[in-house]
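**Q** structure of the sequence below:
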Amino acid sequence: MNRIPEPASEQFRAVSLTTPARYAEAAVLYREVFDYQDPDYALNPRLLGALTSNGGSVVGVLDEDDRLVAFAYGFCGTDRRGYYHYSQSAVVAANRQGQGLGRMLKYAQRDVALSHGMTRMRWTYDPLQTRNAHFNLDVLGARGRWYAPDMYGPGIDRVIVEWDLARAPTPRQEVAEIEVSDQIRSGFMKLLDNGLAAVSCRQLQDGTAVYYFGPVDDA
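**A** Next up is the predicted model:
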């Protein structure tokens, strides 16, 4: 198995969160980043403890002062091809965004998944958030495999990506493309239904962004 090089940082370090105090910190950070005021959207620290004790991932990034500035959590999922790790949420403090912490979180979750024998990880993202799309597809090398219309309510669509944890990203064949717009749903779903996967999202010089699709490789 080829090990994917991990991002390095002298200022930050990725750790697994294992104490009630850290779980409480994570719950506060979650609420602050998403600006959730409604208790219905709160994250229960006890849930994080249960995930840690039962094969899930609860990972964080600490700064030089040992403060939690980013965290993510996930759990085991299964489908006809076997088990995978599902990354439910990842958050980075507003004043620490753009410093590579999201990548550190994903690699920390990858290590947890691999330690439990899983070689695939999934998560979702908003298809109109092209910076996030570029990170998922081009930086990490994940692939957009499924489209979930109205996943979180009317008009709140998500792309479900899958990341092969067992091998480094390789060049992808690009055979189709669509421009990012508010009408992206139909184009995305048509290409995925035809057996393709989203493999890249890139910004063009004219300011538009384009998704590129290639064949699915389930080997």
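**Q** first-to-last residue distance for stretch 193-210?
**A** Length of stretch 193-210, first residue to last, CA to CA, to the nearest Å: 19 Å.
**Q** I would like the residues contacting that stretch, please.
**A** 130, 133-134, 137-138, 143-145, 159, 161, 172-180, 188, 191-192, 211-216 (CB atoms under 8 Å, 6 or more residues apart in numbering). The C-beta positions use only the backbone N, C-alpha and C, and glycine is treated the same way.
**Q** keep only those of those that are in strands.
**A** Cross-referencing these against strands under DSSP state E gives 143-145, 159, 161, 176-179, 211-215.
**Q** can you flag the buried ones in those residues?
**A** The neighbour count (16 or more other CB atoms under 10 Å) marks 143-145, 159, 161, 178, 211-214 as buried among the ones in strands among the contacts of stretch 193-210.
**Q** redo the ones in strands among the contacts of stretch 193-210 as JSON lines? Include distance to A21 and pLDDT.
**A** Formatted as JSON lines, the ones in strands among the contacts of stretch 193-210 follow (distance: CB to CB, whole Å; pLDDT from 0 to 100):
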{"residue": "R143", "distance to A21": "37", "pLDDT": "96"}
{"residue": "G144", "distance to A21": "37", "pLDDT": "98"}
{"residue": "R145", "distance to A21": "37", "pLDDT": "97"}
{"residue": "V159", "distance to A21": "35", "pLDDT": "98"}
{"residue": "V161", "distance to A21": "32", "pLDDT": "98"}
{"residue": "A176", "distance to A21": "49", "pLDDT": "96"}
{"residue": "E177", "distance to A21": "48", "pLDDT": "96"}
{"residue": "I178", "distance to A21": "46", "pLDDT": "96"}
{"residue": "E179", "distance to A21": "47", "pLDDT": "95"}
{"residue": "Y211", "distance to A21": "42", "pLDDT": "98"}
{"residue": "Y212", "distance to A21": "44", "pLDDT": "97"}
{"residue": "F213", "distance to A21": "45", "pLDDT": "98"}
{"residue": "G214", "distance to A21": "45", "pLDDT": "96"}
{"residue": "P215", "distance to A21": "47", "pLDDT": "93"}
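**Q** as JSON lines, these with distance to Y125 would be great.
**A** What follows is the ones in strands among the contacts of stretch 193-210, written out as JSON lines (distance: CB to CB, whole Å):
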{"residue": "R143", "distance to Y125": "12"}
{"residue": "G144", "distance to Y125": "9"}
{"residue": "R145", "distance to Y125": "12"}
{"residue": "V159", "distance to Y125": "6"}
{"residue": "V161", "distance to Y125": "7"}
{"residue": "A176", "distance to Y125": "20"}
{"residue": "E177", "distance to Y125": "19"}
{"residue": "I178", "distance to Y125": "16"}
{"residue": "E179", "distance to Y125": "18"}
{"residue": "Y211", "distance to Y125": "12"}
{"residue": "Y212", "distance to Y125": "16"}
{"residue": "F213", "distance to Y125": "16"}
{"residue": "G214", "distance to Y125": "18"}
{"residue": "P215", "distance to Y125": "22"}
